[in-house]
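K.L.:
Kindly return the folded structure for what I paste below:
(one chain, ligands or ions: 3)
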Amino acid sequence: MEKQIPQPAASGSWRALLRDLPMPDKYLSGLRKKQIDTVSNMIFVMLLANLLNVAVVLQSFRDSQAGNLLAIWGFCFIFITGLAVLRHIRTRKASVHGNLSEAHVDAVSRGALIIGLFWAVAPLLVMRSADPQGQMVMGIVLAGMMFGGTFLLSRLPGAALSFMIPISMGFALSMLLQSGAAYQLIAVLSMVYLGVLTFAVRWSHLQFIEQHLSEAAVQEQTQLIGLLLRDFEESTSDWLWQTNTDGLLEEIPLVFDTNSDSAGFMKTGALLTSLFEAGEGRKILEAALRRQQGFRDIVLKVQDEASEECWVSLTGKPIFEGHDFRGFRGVAADITQSKQIEDRMAHMAHYDSLTGLPNRVTMQEHLEKVMRKPQSPNTVRALLWLDLDNFKWVNDTLGHPAGDELLRQVTSRLNSMAEKTDMVARLGGDEFALIVERPAGGALESFFGRLTEVMRKPYNIWGSTAHCSASFGVRVFDAFTTDPREVLKHADLALYDAKRTGKAQWSMFTAQLEASAKARVQIEAELERAIEHDELRVFFQPLVDARSHKIVGVESLLRWQHPVRGLVFPDEFIELAEDNGLITRMGEWVIRAALAEAARLPDHVKVAVNISPLQIHSATLVATIVNALAANNIAPNRLELEITESVLMTDTEFTLKRLHQIKNLGVQISLDDFGTGYSSLSYLRSFPFDKIKIDQSFVRDIESRPDSRAIAMATLTLAKSLGMRCTAEGVETLFQADFLRDHGCDELQGFFISRAQPLDNLGHVVDVRAPGELPRVVIEKPEVISDANVVPFTGEKRA
Ligand code: C2E
Ligand code: CA
Ligand code: CA
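P.N.:
Ligands and ions are numbered 1, 2, ... in the order given. The predicted structure follows:
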């Protein structure tokens, strides 16, 4: 609700003059109080002035005709005035604590009206009979009353008007009652005065209201800011601060005692920058203060040895009054807790939680730093990428907690081997990295030797012994390689190479390694296409009877007819195909292709096909074999699958089951590369092989090395006593052929007889039918049957 009070006279009309000024209720009582206060402050002056004027009038007209009437007037005046004043004082007192109401203002106006009326009566009483001197006294007294009273009452326009209108009217009337033009003029003049005074009152009153309103607004804002500040300080752990132009902390107006404990170190009078520890943050703060620039969220550590670690975040901006710099003002927040969490997280992001070692990220950062540092010619630096050889086994057999324990022990071994300037990091899983620096001239190599030895020692994990050697690849830093990623890649390549060599090995990166890695990557991509593009070929190498040298079988050997590189040998791609799983598709293609070709050979010629360990696990292997045999009308016992010991090394139970399943089809199974594996003898017992193939490495040295001779002879005896046939591979000389035959070898295979060739080139050793003589079998899309319903092939040829 808004109370209406007089509004500025924009148009200057009387109506406009009397229009009210809108004012919110909350300001009204303040306004009334001020108005009444002015009256109260002035009331004795006014009273005195009135009494003085009454005295002057009574004195001046004491002897006139109206003397008696005037005496009554004077008496009534003094009486009424006294009453009015008393009443005013009483109401004032009563309302000191309460609100001053409209009624008070009205009462003052009424009082003013009564007094104004008294003064209006006076000229009417005396003017007629007064001499010019008396008239002048009366005129001056009335004019004085009018101007003085109006001035004193201008804050209460109602009262002012109530006072001056009767006086001016009374005066004008008394003048009009006189005869003479001068009196008429004075009457008009008094009306003019009335108008002027009304405007003056109006104007003064508006000034007063405006002043009142702006004062009230300022006060209100001050209160509001005070409240907000208090609220801010109570609701957050933040606090306000302010400095003078010299950067010394000072009290802030409107801010009460801060309730933040952390703020305690910000004492009035202290130099702001001196409160924080030197560092990046303080530098930024100092620069901002010096340049008189605002700053935001500078993280600073409080310099206070006595208390605990405390971090604050500081935001501030310069205060300018006009163009004058007055200091800085801002907010501070205690961020100790979040800083600690942040630090912990940063630690977690950079360190491995299990071993406490720097993690991959940190290692890479360190690697970058080390590589940027110039190297002295007397030292060599290297990155080692280390991988445990047997970790999976430990994890699987002893459990994950044991695996964790092993990693911790590995860590302490690595740490014990490292020198102060070296870095040991965990890259993840069972992979570690070392960045080392050693004197040039062999120290690095001997370190590698010692490291290998230390790492291969058995571990004691809560009473159980775990064998878990480590292999690592080494990349020695050189001036030409500046990209850390390249160094990492090289170390990885070297590790791959070390792993290929065997367990507990280390290998140094060479350009050669990289070249073959590149070639490998390229071959891998091309190999995918080889099958689709019909680039694979099967070559056949004859196996002959050791006595008659008549052909008894052929071994199918895979070749890749590469469009650019020409004929590529299996050594270059079989391992890759095994790595990326392509071997399954490729191997089954070989089975189909070899058997399709074998159909062109006489029935007594057997066909051997090499099988990879991975293929044994393929769900379609058995189906492929059965389909290929059936499609080409080949008796199962003409097919020989060659497997190596490695087939039997993993998941033995499943493998044996699968091998028996195949053997039950009537297919023969040979143990290839005999003598190169670990424990051939136990494998020989685990499965009834049809044939053993003596590895060519023994055959090669029969002539020159007695031990090779001895092994060849022992193998032949062993095969005989186990009732297995025996083939010698890699027979290149007549001596070898004769020696092997004389010691009971059944079949011979090797360059001495023939190299592996396309079937059509073997016409000189075997009767090969032309491809046209048989319907060519479509081998791309075999009818796939599941392993579950494979029934042993009876050997009957289908029509
Ligand atoms: P392997 O099964 O031991 O095959 C015999 C390897 O010895 C063949 O090499 C053959 O060409 C070679 N060789 C035969 N006689 C002589 C000789 O008198 N002197 C010498 N120095 N070498 C001789 P190839 O064809 O390069 O095959 C290498 C290996 O690739 C094979 O060794 C076999 O393990 C694998 N392989 C070949 N074809 C296939 C296949 O279709 N599937 C699978 N899984 N592996 C295959
Ligand atoms: Ca073979
Ligand atoms: Ca072999």
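
K.L.:
and the stretch 501-650 of the chain, which residues reach ligand 2?
P.N.:
When proximity is defined as CB under 5 Å from the ion, the stretch 501-650 of the chain approaches ligand 2 at 610, 642. Bear in mind the C-beta positions are built from the backbone N, C-alpha and C, glycine included.

K.L.:
For ligand 2, what is the nearest residue in the stretch 501-650 of the chain?
P.N.:
Closest to ligand 2 within the stretch 501-650 of the chain is residue 642: 4.2 Å, counting by CB to the ion.

K.L.:
Quick check: that residue vs residue 595, distance?
P.N.:
Here residue 642 is placed at a distance of 15 Å from residue 595 (CB to CB, to the nearest Å).

K.L.:
out of the two, which sits in the more crowded spot?
P.N.:
residue 595 (27 against 20; other CB atoms under 10 Å).

K.L.:
helix, strand or coil for that one?
P.N.:
With DSSP: H, G, I helix; E, B strand; the rest coil as the basis, residue 595 sits in helix.

K.L.:
Residues of this protein that sit close to ligand 3?
P.N.:
So far as CB under 5 Å from the ion goes, the chain lies against ligand 3 at 672, 673, 729.

K.L.:
pLDDT-wise, what's the bottom of those?
P.N.:
Within these, residue 673 has the lowest pLDDT, namely 91.

K.L.:
Does that one touch residue 646 like I think?
P.N.:
No. Applying CB atoms under 8 Å, one finds residue 673 not in contact with residue 646, separated by 9.1 Å.

K.L.:
So for the two, which residue has more residues nearby?
P.N.:
Neighbour count, other CB under 10 Å: between residue 673 and residue 646, residue 673 has more, with 19 against 15.

K.L.:
The more buried one belongs to a strand, doesn't it?
P.N.:
Yes. Membership of residue 673 in a strand is supported by three-state DSSP.

K.L.:
before we move on, back to that, just put the residues of the chain next to ligand 3 in CSV and tack on distance to residue 455.
P.N.:
Listed next are these as CSV, based on distance: CB to CB, whole Å:
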residue, distance to residue 455
672, 34
673, 30
729, 37
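
K.L.:
give me the subset of those residues touching ligand 1.
P.N.:
672, 673, 729 (CB under 6 Å from any ligand atom).

K.L.:
Specify the local secondary structure of residue 600.
P.N.:
coil.

K.L.:
Can you show me the strands along the stretch 501-650 of the chain?
P.N.:
Listed in chain order, the strands of the stretch 501-650 of the chain (DSSP state E, counting those that start in this stretch) span 506-508, 536-545, 551-562, 566-568, 606-610, 639-643.

K.L.:
try the stretch 251-400 of the chain
P.N.:
Under DSSP E, counting those that start in this stretch, the stretch 251-400 of the chain gives strands at 295-301, 311-321, 324-334, 379-388.

K.L.:
rewinding a little: can you narrow the residues of the chain next to ligand 3 down to the ones near ligand 2?
P.N.:
Among the residues of the chain next to ligand 3, ligand 2 is touched by residue 672 when using CB under 5 Å from the ion.

K.L.:
Of the residues of the chain next to ligand 3, which is the nearest to residue 424?
P.N.:
Of all the residues of the chain next to ligand 3, residue 424 sits closest to residue 673, with 40.0 Å by CB to CB.

K.L.:
Setting the sequence-adjacent residues aside, check what's closest to the residue of the stretch 501-650 of the chain closest to ligand 2.
P.N.:
In space, and not counting its chain neighbours, residue 642 is closest to residue 672: 4.2 Å by CB to CB, 6 or more residues apart in numbering.

K.L.:
cool, and residue 330?
P.N.:
residue 316 (2.7 Å).

K.L.:
tally of neighbours for that neighbour?
P.N.:
24.

K.L.:
That one contacts residue 327, correct?
P.N.:
No. If you go by CB under 8 Å, residue 316 and residue 327 don't touch, sitting 9.7 Å apart.

K.L.:
quick one on the thing from earlier: now the strands of the stretch 501-650 of the chain in CSV, with distance to residue 40?
P.N.:
CSV is the format used below for the strands of the stretch 501-650 of the chain (distance: least, CB to CB, whole Å):
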stretch, distance to residue 40
strand 506-508, 105
strand 536-545, 118
strand 551-562, 116
strand 566-568, 118
strand 606-610, 122
strand 639-643, 121
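
K.L.:
would you list these in JSON lines and tack on mean pLDDT?
P.N.:
Formatted as JSON lines, the strands of the stretch 501-650 of the chain follow (pLDDT from 0 to 100):
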{"stretch": "strand 506-508", "mean pLDDT": "96"}
{"stretch": "strand 536-545", "mean pLDDT": "97"}
{"stretch": "strand 551-562", "mean pLDDT": "96"}
{"stretch": "strand 566-568", "mean pLDDT": "93"}
{"stretch": "strand 606-610", "mean pLDDT": "98"}
{"stretch": "strand 639-643", "mean pLDDT": "97"}
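
K.L.:
Now do the helices in the stretch 101-250 of the chain.
P.N.:
102-126, 132-152, 157-176, 181-235 (DSSP state H, counting those that start in this stretch).

K.L.:
Most tightly packed of these?
P.N.:
Each of the helices of the stretch 101-250 of the chain was scored by mean neighbour count; the highest is helix 157-176, a mean of 23, by mean count of other CB atoms under 10 Å.

K.L.:
what's the average pLDDT for that one?
P.N.:
Rounded mean pLDDT across helix 157-176 is 90.

K.L.:
Same check on stretch 90-102?
P.N.:
The model assigns stretch 90-102 a mean pLDDT of 64.

K.L.:
All further residue positions should be reported with the first residue as 14.
P.N.:
Right, with 14 as the first residue, what we last looked at is stretch 103-115.

K.L.:
need the contact list for residue 771.
P.N.:
550, 552, 553 (CB atoms under 8 Å, 6 or more residues apart in numbering).

K.L.:
what about the second one, distance to ligand 1?
P.N.:
Here residue 552 is placed at a distance of 7 Å from ligand 1 (CB to the nearest ligand atom, to the nearest Å).

K.L.:
still on that earlier bit, which residues are in contact with the residue nearest to residue 655?
P.N.:
623, 655, 656, 657, 706.

K.L.:
Let me know the closest of these to ligand 3.
P.N.:
residue 706 (5.4 Å).

K.L.:
Need the contact partners of the helix or strand containing that closest one.
P.N.:
Per DSSP states H and E: residue 706 is located in strand 704-707. The contact list for strand 704-707 (CB under 8 Å, 6+ apart) reads 653, 655, 681-688, 697, 725, 728-729, 731-732, 737-742, 758, 762.

K.L.:
Now do that strand: distance to the chain's middle.
P.N.:
62 Å (CA atoms, centre = their mean, to the nearest Å).
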